[in-house]
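*Asks:* Sequence first, then the predicted structure, then my questions.
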Amino acid sequence: DAGITQSPRHKVTETGTPVTLRCHQTENHRYMYWYRQDPGHGLRLIHYSYGVKDTDKGEVSDGYSVSRSKTEDFLLTLESATSSQTSVYFCAIRRDTEAFFGQGTRLTVV
Amino acid sequence: DAKTTQPPSMDCAEGRAANLPCNHSTISGNEYVYWYRQIHSQGPQYIIHGLKNNETNEMASLIITEDRKSSTLILPHATLRDTAVYYCIVRVVDNTDKLIFGTGTRLQVFP
């Protein structure tokens, strides 16, 4: 599992509230990624990071922000959650030429 | 948009070879072909990747056509545990290194 831990694993929140998801890795990999997965879609890239304080947008970044103040942690924040952000969120790291994924966080916005 | 096209679903009998096709007709010279699979709602799992040559590992074989416009993932002896969604991805392995997923092929292995 490449030492990836996502927290929380499940969360229910109300529309308009801020939510932060955490991805923690134990192997000091430089590259980290946040994806979301919805029914009928494959995984879609939200944001990624190529080092501490170095981040960039993916294909579905609207409504999300990220931070990476330490190599081991990559945080995904929904500033004001909306029902369209109900999804399963996956974190990934890059090790050599391969990507390894966490077990996912299931977020429900009601 | 994803750069690959895969059939939405396939069936395979247990013990038989599963051959999963992928079309990537717009692939660039520096793009690799990667395969991942996702079992139930777990995170995707890396299977294999290649650039030009055919590749084999303990999980699968990857056959890439000479013109690189298509490829086939082969699971030589499918088991029930191979039931999953299989994603074919083309990517440039560089500093940005983004994986762009399509909708994949749902492989059902039956007894």
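*Replies:* Cool, got the structure.

*Asks:* contacts, neighbours, all on C-alpha from now
*Replies:* Noted.

*Asks:* which other residues reach the lowest-mean-pLDDT helix or strand in chain A?
*Replies:* When each helix and strand of chain A is scored by mean pLDDT, DSSP states H and E, strand A:98-101 comes last, with a mean of 89. Residues outside strand A:98-101 that contact it (CA atoms under 8 Å, 6 or more residues apart in numbering or on different chains): A:1, A:2, A:4, A:90, A:91, A:92, A:93, A:94, B:43, B:44, B:45, B:46.

*Asks:* bridging residues for the fourth one?
*Replies:* Read it as residue A:90. Beta-bridge partners recorded for residue A:90 (DSSP bridges): residue A:35.

*Asks:* ok, it touching residue A:34?
*Replies:* Yes: between residue A:90 and residue A:34 there is a contact under CA atoms under 8 Å: 5.8 Å.

*Asks:* Those two: which has the busier surroundings?
*Replies:* Higher neighbour count among residue A:90 and residue A:34: residue A:34, with 29 against 26, using other CA atoms under 10 Å in any protein chain shown.

*Asks:* quick one: the more buried one and residue A:94 touch, right?
*Replies:* No: Residue A:34 sits out of contact with residue A:94 when judged by CA under 8 Å, with a separation of 11.8 Å.

*Asks:* Spell out which parts of chain B neighbour chain A.
*Replies:* Within chain B, the residues that sit near chain A (CA under 8 Å from any CA of the partner chain) are B:42-46, B:93, B:95-96, B:98-104.

*Asks:* If we use 6 Å, what do you get?
*Replies:* Contacts of chain B with chain A, taken as CA under 6 Å from any CA of the partner chain, map to B:42, B:43, B:101, B:102, B:103.

*Asks:* so which two of the residues you listed are the farthest from each other?
*Replies:* Within the residues of chain B next to chain A, two members stand farthest from each other by CA to CA: B:42 and B:102, at 16.8 Å.

*Asks:* out of these two, which sits in the busier spot?
*Replies:* Between residue B:42 and residue B:102, counting by other CA under 10 Å, residue B:102 is the more crowded of the two (21 against 13).

*Asks:* How is that one assigned, secondary-structure-wise?
*Replies:* coil (DSSP: H, G, I helix; E, B strand; the rest coil).
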